[in-house]
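S.K.: Sequence first, then the predicted structure, then my questions.
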Amino acid sequence: MTRLLPALAPALTLGLALLPLSAQEKPQAFVGARIIPIEGPEIENGVLVVQHGKILAVGGVGTSIPAGAVRQDARGKVIMPGLVDSHSHIGSPEGADSSAPIQPEVRVSDSLNLRSASIMRARAGGITSVNVMPGSGHLLSGQTMYLKLREGQTLDALAMEKRPNGSYLGGMKMANGTNSRRTTGPFPGTRAKSAALVREQFVKAQDYQLKLKEAGDDPKKRPARDLAMEALVEVLEGKRVVHHHTHRHDDILTVLRLSREFGFKVVLHHVSDAWMVADEIARGGFGSSIICIDSPGGKLETKDLRMTNGAALEKAGALVGFHTDDPITDSRWFLREAAFGVRAGMTRKGALEAMTLNGAKLLDLQDRVGSLKPGKDADFILLSADPLSVYAHIMETWVEGAKVFDRADPKQRLYAVGGQGASHDDYDLTHLLALEAEETYQ
Amino acid sequence: MSRLCLLLTLTAALQGQSLAVRAESLHTAAGPVIQDGIVLIQDGKITAVGPAADVKVPAGLLVKRAKVATPGLVDGRSTVGLSGLLNQPHDQDQLEGSAPIQPELRAIDAYNGRDPLVGYLRSLGITTVHTGHGPGALISGQTFVIKTDATEVTRGVIKAQAMVAATLGDGARSREAGKAPGTRGKQIAMLRAELVAAQEYARKLKEAEKGKEPARDLRKETLVQVLRKELPLLATAHRAQDILSLLRLAQEFNLDIVLDGGAEAYLVLAELKAAKVAVILHPTMSRTFGEMENASLETAAKLQGAGIPFSFQSGFEGYVPKTRVVLWEGAMAAANGLAFDDALRALTLTPAKLLGIADRLGSLEKGKDGDVALYDGDPFEFATHCVGTIINGVLVNEGEETRVPSR
């Protein structure tokens, strides 16, 4: 993998060359804002300098601004990193179908509608990096895709990274509990059967992995290509993070056990009962991607959901990030979760990290995004007020030094506030919610 | 012995119904904010409201202090108590699917005041809910009004019959092929036929000699109440075309109507204004798909600007969140062009007026019920806590259940 990186470099350079010239030629300086860099203390009257899609400098009044830089007056504004949403369904993703409960070969990238208004709404909500996932109606519903919400409407334009084999960087979606149980077809009817089916597949993948290893460089000894097994081997090798939907305390612990048994890297998603098992999660070093919902209930597994999950995990010392699960919550008010986190006992620092850097860590992208630090991607948002305030509007969203959302533009503002034409192409959302709702009756 | 116990209990209850609230900012919904204000509640009713310097609090009375106090919030339209927390068939009573028109279904016969969601809303400052049958059928049944501390419907009911709930558009479309109503035109035709039949029934009732009245028909009786404007028709409609159909129907039968939802209300402001129709606006953060694809965060501000009375609501949710919190829906509108006082009024006095209960509820004024919500900051900020809920002078919640619980 590492030795392939130099080969990738020209492609990356080419990608950058496609960005608007304004993001390239001259450095840009945003002057006078309160800057929340996430790593390091908040800076009053700060300066942010970006160029070539990267952050050049972040600092106070004295920060040197390169000659010829384009200055933007940001007084009265707040600047923070672009938000990282570690679990979303924008772009109408589809993964596995109803023919089998485990389908690792299915890629969500082969289904995305990148012209969906939901993508624009996510930009309006300040989201710059996002993990787009298939649904939770399967034990394993396919490969997820990490997007960078740059300008553009193609997979290559929005991919976080294109891998040497042509696939896109992403994780693997899994689920347990009631969503992935069904009374019909080849689906598990109980929790124990769910775990057994998963175990069976991973044992198979271990076997496949061993055969690959034994074959070495001899093509004659290699097992026949098996796309499902190849994807699971990536999981076993830690190259593909498992994003695991799980709600109930016992289901959460089942995920921890399976992860230890097969050594795969996993992020816990939703984790409604996290407040009950926060210590176990923390002790095992597991990261959690959680959501704040306006009220508990709606399905049996979330009857005990508490807004204290973030605080409990933070207190226990576990890595915790927030997600939208869009359309479960709308990307436009993703920041609300930080305020809810604080309301229920998170620190301000912890809640803001959970919107940014922790999300990046959950996706293994912490070296590129999640904080305003020289050398990192120039992904940031300009807010009209403090990010924890309901009255704060996201005025601008920037990705890799290019502005992708501007509230001052009436056409783009429409995506932020809604109105005629703001979500014309989301007809399939009805379908998705209906599917989810069906699964609640179990 | 038992008599003594009873006496002691009664005394305690009466004492509990008297207390004072002293708030740094007291929002009464009936006038400008009072800095360092006091609300005095005696025997469950408000007896004085004003600046601390002007209100004399009797010695020994509990004084509950808070940064901010508002009237207890009135949720303009909910299905809480009928659509339970678990969302399983056994706790979902907000919609009966056996027929498209069933106005005789009464909310009071279905309400479960012990559902955890009722207590959840109460802990956030909501003291009164207008709840009952939901959207999803041409006429799904009745709504009623109850205080959120009432675990049983034997107490706390403010109005046993509030409105008759109707739905137009996709929401009322039959999902079964060959089963009416399958189209919008059919929906209005069915409603018209139903109302004509009710008119006929009313005429027969009026003209019949004593002892020769037509047989009782509970369904028609309810619609006669609607025709007589004893019960408003609460009609859910989102598309502009459906809103206008509703206005035509109301004019044809001279009905008292309230528009529920109204995702595209901003397209027909003039028509709504001319028809003097009030709106119970869809939750601000409703998902924008299907009939609500054009919903806007700014509709509340536009209704306010047009001078159309409107209330916020938590509405009905079929999945998660199982209930919305009307406070937060108002908050999002307050962040999108609606002034603080106007947003607060749409959470208190306006819904009380729409429901015809403003003589008792909706503002902090002398003579009204002692229902108060206490907050440790701007109620609209998501990080603010509700630190107390008072109903009829009783502190029914001392704060939210949002802290990390002990395990």
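M.R.: Right, received. Where do you want to start? Residues are numbered from 1 along each chain as shown, chains lettered A, B, ... in the order given.
S.K.: use CA for all of it now, contacts and neighbours both
M.R.: OK.
S.K.: Now do the same contact list for residue 30.
M.R.: The chain I'm using is chain A. A:Phe30 makes contacts with A:47-49, A:71-74, as judged by C-alpha atoms under 8 Å, 6 or more residues apart in numbering or on different chains.
S.K.: not quite, I wanted chain B
M.R.: Taking C-alpha under 8 Å, 6+ apart, we find B:Ala30 in contact with B:349, B:363-365.
S.K.: Would you reformat those residues as a markdown table and include neighbour count?
M.R.: Conversion of the contacts of B:Ala30 to a markdown table gives the following (neighbours: other C-alpha atoms under 10 Å in any protein chain shown):
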| residue | neighbour count |
| --- | --- |
| B:Leu349 | 26 |
| B:Ser363 | 27 |
| B:Leu364 | 31 |
| B:Glu365 | 24 |
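S.K.: hmm, back to that, kindly supply the PyMOL command isolating those of the contacts of A:Phe30 that are buried.
M.R.: A single PyMOL command is used to select the members of those judged buried by 16 or more other C-alpha atoms under 10 Å in any protein chain shown:
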select buried, chain A and resi 47+48+49+74
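S.K.: Dump the contacts of A:Phe30 to CSV, plus pLDDT and distance to chain B.
M.R.: CSV is the format used below for the contacts of A:Phe30 (pLDDT from 0 to 100; distance: C-alpha to the nearest C-alpha, whole Å):
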residue, pLDDT, distance to chain B
A:Val47, 98, 28
A:Leu48, 98, 28
A:Val49, 98, 30
A:Arg71, 97, 29
A:Gln72, 97, 26
A:Asp73, 98, 24
A:Ala74, 98, 21
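S.K.: Mind checking which of the contacts of A:Phe30 land in helices?
M.R.: Using DSSP state H, no member of those sits in helices.
S.K.: so of the contacts of A:Phe30, which ones are in strands?
M.R.: Residues of the contacts of A:Phe30 located in strands (DSSP state E): A:47-49, A:71-73.
S.K.: got a markdown table for the contacts of B:Ala30, with pLDDT too?
M.R.: A markdown table is the format used below for those (pLDDT from 0 to 100):
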| residue | pLDDT |
| --- | --- |
| B:Leu349 | 98 |
| B:Ser363 | 98 |
| B:Leu364 | 98 |
| B:Glu365 | 98 |
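S.K.: Among these, which one sits closest to chain A?
M.R.: Nearest to chain A, judged by C-alpha to the nearest C-alpha, of these is B:Leu349 at 23.0 Å.
S.K.: Assign a three-state SS to residue 95, would you?
M.R.: Looking at chain A here, since you left the chain open. Classification of A:Gly95 using DSSP: H, G, I helix; E, B strand; the rest coil returns coil.
S.K.: For it, grab the count of nearby residues.
M.R.: By other C-alpha atoms under 10 Å in any protein chain shown, 27 other residues sit near A:Gly95.
S.K.: Any idea how far apart the tips of stretch B:53-68 sit?
M.R.: 17 Å (C-alpha to C-alpha, to the nearest Å).
S.K.: same check, this time on stretch A:76-84
M.R.: By C-alpha to C-alpha, the extent of stretch A:76-84 from end to end equals 24 Å.
S.K.: Please identify the buried residues of it?
M.R.: Quick answer for stretch A:76-84 (16+ other C-alpha under 10 Å): A:77-84.
S.K.: and the two most separated of those residues?
M.R.: Largest separation among these by C-alpha to C-alpha: A:Lys77 and A:Val84, giving 20.3 Å.
S.K.: how about the residues of the stretch 151-300 of chain A near chain B?
M.R.: Residues of the stretch 151-300 of chain A lying near chain B by C-alpha under 8 Å from any C-alpha of the partner chain: A:275-276, A:293-300.
S.K.: just checking, which of those residues belong to helices?
M.R.: A:275-276.
S.K.: ok, the residues of the stretch 151-300 of chain A next to chain B vs B:Gly169, which is closest?
M.R.: Ranked by distance to B:Gly169 (C-alpha to C-alpha), those are led by A:Gly298 at 24.9 Å.
S.K.: element containing B:Thr350?
M.R.: helix B:349-354 (DSSP states H and E).
S.K.: quick one: contacts of that helix?
M.R.: Here helix B:349-354 has contacts from B:29-30, B:74-76, B:278, B:280, B:309-312, B:358, B:361-363, using C-alpha under 8 Å, 6+ apart.
S.K.: could you redo the last one with a cut-off of 6 Å?
M.R.: B:76, B:311, B:358, B:362-363 (C-alpha atoms under 6 Å, 6 or more residues apart in numbering or on different chains).
S.K.: how far out from the middle of the chain is that helix?
M.R.: Between the centre of helix B:349-354 and the centre of its chain there are 9 Å (C-alpha atoms, centre = their mean, to the nearest Å).
S.K.: Buried residues in it, which are they?
M.R.: B:349-354.
S.K.: What's the first helix or strand after the strand or helix carrying A:Phe202?
M.R.: Element membership for A:Phe202, per DSSP H and E: helix A:191-215. Going down the chain from helix A:191-215, the next helix or strand is helix A:227-236, by DSSP H and E.
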